[in-house]
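> Fold the following, please.
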Amino acid sequence: MLYQFIVENFKTFRDETVLNLASASYSEHPNHVCEGILKNTSFLKTSAIYGANASGKTNLIKAIDFARQTITEGTTGEMLIPVSPFRLSEKCRRSPSRFEFIYEAENRIFYYGFVLFSDKIVEEWLIDKTGGKEEIIFERSSSAGKTKVKAGKKFFKSKADKQLVNFIARTTRVNQLFLKEAFEKNVDPIKPAYRWFDESLQIIPAIAVYRMLEIRTKSDESFSNYLGRILNDVGTGIDSIKAVSLDMDYDKYLPDLSTKQQETITQHIRKSGGAVTIDDGYGNKYIIHFDSKKGPQLLQLKAMHKDEDGELVAFDLKEESEGTRRFLNLLPILYDTQSEDRVYIVDELDRRLHPHLVRAFLELFLNNKESRSQIIFTTHNVNLLDQDLLRRDEVWFIEKDPKKGNSVLYPLTEHRVRNDLKLDKAYLHGRFGAVPKINKSFLYEA
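Numbers count the residues shown, from 1 in each chain. Okay, the predicted model is just below:
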């Protein structure tokens, strides 16, 4: 569970920017709140972020994703870290960027953050606050091309533990995070902190697709049935979803591949027992797996509709509307939150979706009282600005400073808002800011 995210000097965020998931003392929608590990703390299961186009909503998502990728993917050799500081200030262009997370993972509370330039990590820290007191796990600094790490006494007690930390510190490149390096070297105290980024934090861009959709539909009957039931319940006309395997005809589906490339793919999936996904360059993806009896197989999803006689008819998924396909690719979020606690960061949740469909999705997510999963999303859908759906402390806004060009993030709770106010109308009338400033006189002249 994410408690707080902080970013400074990244893309359009010049100053320290804080997204805080702590709940306010409102009584409405108590099922939207999860109790924290520490006494008298509670956190929200969702945050909706509004703002005009180009205000910085997607950049906030990119900031979280950049930090996650820097942690989980790391660097190689002397490669530069692809950080992007605020460019409309000479001081910022010469200054490092900062990222910090406060989060709950495996029944522990961690403070983790780092400060970096494109060529080096300046600072890095990991703190445990599970018992209420801040306990250092490690603090890292870099100077003169070397990495120095101070290990916390509580977590590294023995001489051998300290020697291991010192060895890893000496071998950690200045452009590599120590958290990543220590995890790969099997250092136990940092494993829960790292796994949260690798397994629990999920970033979903606006045009993303769920890569495991076909494979999970074929291998997991419960998952397949869930998708079909929800798609049927929301009125898409789809009765069920089915994954089918066809003999792979490379010449038909991927004619641009050479014979050698075809053989390489076949050998790979035969040896690995897995599957590969190939994009043909025209917006079509093909998932190929290997069957010991039939050879290379093409895995495809079919949307099953009932005809006028009640018989099932299979349609290729590409024959369905883009909105239906977008919704289908979001449904694994709802399915997985039934059994796992994750943090989903979704850009443009409402992309290509009818307002009623987005609302139904959020209601299904929030009505799962047992789940501690969270969804943080950007949107333009003002129909979601409804206090029957969202709490006042679940709404955030981003707007761009017209003089300095930097993005500013702030919560609805900065404004005095009654619990019966029509938020959608108030927002569109500009009461909370974060709406487009259109030069209408220019439009009239045009």
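> can you give me the strands in the stretch 151-300 of the chain?
201-204, 240-247, 275-279, 285-291, 295-306 (DSSP state E, counting those that start in this stretch).
> One more: the stretch 301-446 of the chain?
Under DSSP E, counting those that start in this stretch, the stretch 301-446 of the chain gives strands at 312-316, 343-346, 374-378, 395-400, 407-411.
> Report pLDDT for the nearest residue to Thr378 once chain neighbours are set aside.
Nearest non-adjacent residue to Thr378, counting by CB to CB, 6 or more residues apart in numbering: Lys57, 4.0 Å away. Glycine gets a C-beta too; all of them are placed from N, C-alpha and C. Looking at Lys57, its pLDDT is 98.
> So what pairs up with the closest residue to Asp291 other than its chain neighbours in the strands?
Excluding the flanking residues, the one nearest Asp291 by CB to CB, 6+ apart is Gln297, at 5.0 Å. Assessed by DSSP bridges, Gln297 has beta-bridge partners Asp247, His289.
> follow-up on the earlier one: give me the number of residues near the residue nearest to Thr378?
Here the number of neighbours of Lys57 (other CB atoms under 10 Å) works out to 26.
> go on, Ser292?
Ser292 has 7 nearby residues by other CB under 10 Å.
> One more: the one 4 residues further on?
Under the neighbour criterion other CB under 10 Å, Pro296 is assigned a count of 19.
> and Glu181, what does it touch?
Counting by CB atoms under 8 Å, 6 or more residues apart in numbering, Glu181 touches Gly74, Ile168, Thr171, Thr172.
> Tyr210: which of these is nearest?
Gly74 (24.9 Å; CB to CB).
> Pretty sure Thr172 sits against Lys148.
No - applying CB atoms under 8 Å, one finds Thr172 not in contact with Lys148, separated by 9.8 Å.
> neighbour count winner among the two?
Neighbour count, other CB under 10 Å: between Thr172 and Lys148, Thr172 has more, with 24 against 15.
> Distance check, that one against Thr379.
40 Å (CB to CB, to the nearest Å).
> Does the residue nearest to Phe5 when sequence neighbours are not counted fall in a helix, a strand, or a coil region?
What sits nearest to Phe5 in space, not counting adjacent residues and going by CB to CB, 6+ apart, is Leu19, at 4.6 Å. In three-state terms, and counting by DSSP: H, G, I helix; E, B strand; the rest coil, Leu19 is strand.
> ok, now which ones touch Leu19?
So Leu19 contacts Gln4, Phe5, Ile6, Ser47, Leu60, Ile376, Trp396, Leu409 (CB under 8 Å, 6+ apart).
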